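Asks: got a sequence here, can you build the structure:
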Amino acid sequence: MRLTAMLAPATVIATCMILAASGKASGAGPSFNAPKDVAAIKALENYIQTETDMDKLAPYYAPDALVLDIYAPGIYKGREQIKAGFAPQLATIRSMKHDMAEMNVATNGRFACAAMQIHFDTVLKSGQALKMSVREIDAFKKIGGKWQIVQQHVSLPVDAKTGMAVVDGPIKAQGPITWSAHPLPTPSTTPEQAKREIRRFMDVGGVSTSLAQLMQYYGPGDDTLVYDTFYPGELRGLKQISGYYAGMMGGIAHSTLTMPEFVADSDGGFGIQADTQDLKLTLKDGSTKRISIRQSDCMRRVGGKWYSFFEMISFPIDMASGKGIMSNPALAR
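Replies: Next comes the predicted model:
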């Protein structure tokens, strides 16, 4: 259920043009996690998490932003759909406080991602108190000198035994990520080529049938984080990721993938994507299984290949039952 493929490098001419435009030719490159950019992203996140006026929140979303929300169907495309989806939820709230249990930010000044675990204490206008702990990955792009959300993925982990959403389970945060020496390389291809490569990244990596194939698409170092579908759901570093998925991948003989929703953007070095997936798995015992997930990734291009360093995979939650919707009912046979 995953990611990337080895992809052809850009031509020499295109690469030279990109490096010159990015400033590397003159000795300058993208600044990883410049303090002013990190501070701006953190301030935005702390503001938007508890603002309940959608008219105030809407400008922080790009006009063509995509949101994958907790409850089914939970897919909002564009600022107007986002407003229409969130406004009724926010209108029921009297007050809301949040505790940012974990926030990791990566930015090169053009794109940014924030991977978070957040606890909310909410009081509704009815007087009912609600507690909820969510995982969230927001992807930002600097547009007209301002950071705007272009992709947002919010989810609840699911209990593997019951299939129920874990609404207020204890957050098992792992704290600040330890970044490698060169977390975000300078852009090495064009934005348009990068978007084509990211699509290929999903088309090929998404049908991985072995652990070895799957693990090619994470990293390439241990500064890698995954929020998976099942509680507690946070994986850090290649060893944890490999250990977690080893059992799952061992039984798959073949898989096919369709992506009803897919969006990607990039500057040629930092990439982001969000999608919905319908997978059909053929297991080694001959049985088949259908799984439907939502996935988002923040990626880096290293040595001509894309690697995911922040990822979230989730099931939408049925509001009435509280269960994760693990397969698309329209595809059931």
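
Asks: report the contact partners of the residue most central in space within the chain.
Replies: The centre of the chain sits closest to Ser296, judged by C-alpha atoms, centre = their mean, with a distance of 2.9 Å. Neighbour list for Ser296: Leu68, Ile137, Ala139, Gln151, His153, Ile272, Gln273, Ala274, Asp275, Glu311, Met312 [criterion: C-beta atoms under 8 Å, 6 or more residues apart in numbering]. From N, CA and C alone the C-beta is placed, and that goes for glycine too.

Asks: apply 6 Å and report the result again.
Replies: By C-beta atoms under 6 Å, 6 or more residues apart in numbering, Ser296 lies in contact with Ile137, His153, Ala274, Met312.

Asks: now, among those residues, which is nearest to Pro183?
Replies: Ile137 (16.3 Å; C-beta to C-beta).

Asks: ok so Ala123 is a strand residue?
Replies: Residue 123: Val, not Ala. Yes. Val123: assigned to a strand according to DSSP: H, G, I helix; E, B strand; the rest coil.

Asks: and it, how many neighbours?
Replies: By the criterion of other C-beta atoms under 10 Å, Val123 has 14 neighbours.

Asks: also Lys56?
Replies: Lys56, neighbours per other C-beta under 10 Å, totals 11.

Asks: helix or strand: which one has it?
Replies: Using DSSP states H and E, Lys56 falls within helix 54-57.

Asks: what does that helix rub up against?
Replies: Outside helix 54-57, the residues touching it (C-beta under 6 Å, 6+ apart) are Ile48, Glu51, Lys83, Phe86, Ala87, Leu90.

Asks: could you dump those residues to CSV with secondary structure, distance to Leu225 and neighbour count?
Replies: As requested, those are exported to CSV (DSSP: H, G, I helix; E, B strand; the rest coil; distance: C-beta to C-beta, whole Å; neighbours: other C-beta atoms under 10 Å):
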residue, secondary structure, distance to Leu225, neighbour count
Ile48, helix, 21, 15
Glu51, coil, 26, 14
Lys83, helix, 30, 16
Phe86, helix, 26, 18
Ala87, helix, 31, 15
Leu90, helix, 28, 14
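
Asks: among these, which one lies nearest to Ser126?
Replies: The closest of the contacts of helix 54-57, once distances to Ser126 are taken by C-beta to C-beta, is Leu90, at 14.4 Å.

Asks: residue contacts, the closest one?
Replies: Leu90 makes contact with Thr52, Met54 under the criterion C-beta under 6 Å, 6+ apart.

Asks: and the pLDDT for it?
Replies: Leu90 carries a pLDDT value of 96.

Asks: quick one: it from Leu238, how far?
Replies: Distance, Leu90 to Leu238, using C-beta to C-beta, to the nearest Å: 39 Å.

Asks: swap in Lys77?
Replies: Look at Lys77 and Leu238: by C-beta to C-beta, they are 33 Å apart.

Asks: for Glu311, same thing?
Replies: Glu311 is 13 Å from Leu238, by C-beta to C-beta.

Asks: before we move on, what about Asn46?
Replies: 31 Å.

Asks: Leu124 and Thr92 touch, don't they?
Replies: Yes. The pair Leu124 and Thr92 qualifies as a contact (C-beta atoms under 6 Å) at a distance of 5.2 Å.
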